[in-house]
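Quick check, what structure comes out for this input:
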Amino acid sequence: MPDVPPTIVELVETFDRNIDAYKNQSYNEAQVRREFIDPFFEALGWDIANKQGLAPAYKDVIHEDAIKVGATNKKIGSLVYKLYNLTPKEIAIIEETRK
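Numbers count the residues shown, from 1 in each chain. Now for the predicted structure:
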């Protein structure tokens with residue numbers, strides 16, 4: 001196995017030392033990305049911040065917009081209901097149990 005970049009070793013050690021804090025639900029996705037994921041890929045040579053000033057089609061990374069979970073869950077639910085041909089009564093039962 002090739003040598004692991006020192007930055008990646010440091011990221012793993014930091015994560016290991018503070019794992020309980022990172023498991024807490026107050027530690028969010030944006031923090032994980034900034035503190036671990038972006039530095040990990042930078043250590044592998046990716047231009048995360050687009051320091052080269054490339055056009056969007058040529059960037060190493062395109063950051064996605066935030067996802068509205070509630071709206072997404074409703075859309076997924078609707079698709080699943082259609083997939084299984086659920087009746088309005090069956091859908092109402094499922095929706096009631098989700099509250």
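
Just name the shakiest helix or strand of the protein by mean pLDDT.
None of the helices or strands of the chain scores lower by mean pLDDT, DSSP states H and E than helix 69-83, at a mean of 78.

ok, and what's touching that one?
Here helix 69-83 makes contact (CB atoms under 8 Å, 6 or more residues apart in numbering) with E90, I91, I94, E95. In this view, the C-beta of every residue, glycine as well, is placed from N, C-alpha and C.

and the third one, helix, strand or coil?
Pointing back at I94 there. helix (DSSP: H, G, I helix; E, B strand; the rest coil).

That one and T72, how far apart?
Separation of I94 from T72 (CB to CB, to the nearest Å): 17 Å.

and what of the last one?
If you measure E95 against T72 using CB to CB, the figure is 16 Å.

what do you get for V4?
Distance of V4 to T72, computed by CB to CB: 36 Å.

before we move on, back to that, can you list the buried residues in the least confident helix or strand of the chain?
Residues Y81 are the ones in helix 69-83 that count as buried (16 or more other CB atoms under 10 Å).

Would you pull up how far that helix lies from the middle of the chain?
Once both centres are worked out by CA atoms, centre = their mean, to the nearest Å, helix 69-83 turns out to sit 19 Å from its chain's centre.

ok, which stretches of this protein are helices?
Listed in chain order, the helices found in the chain under DSSP state H are 6-17, 19-23, 29-32, 38-43, 69-83, 88-98.

Averaging pLDDT over each of those helices, report the lowest-scoring one.
Here the helices of the chain differ in mean pLDDT, and the lowest is helix 69-83 at a mean of 78.

tilt between it and helix 88-98?
Going by axes from the mean of the first three to the mean of the last three CA atoms, to 10 degrees, helix 69-83 is angled at 150 degrees with respect to helix 88-98.

burial of I37, as a residue count?
Burial of I37 is recorded as 14 neighbouring residues (other CB atoms under 10 Å).

Distance-wise, check it relative to N24.
Using CB to CB, one obtains 18 Å as the distance from I37 to N24.

On the pLDDT front, check V4 for me.
The predicted local confidence for V4 comes out at a pLDDT of 87.

follow-up on the earlier one: quick one, which of the helices of the chain is packed in tightest?
helix 38-43 (a mean of 16; mean count of other CB atoms under 10 Å).
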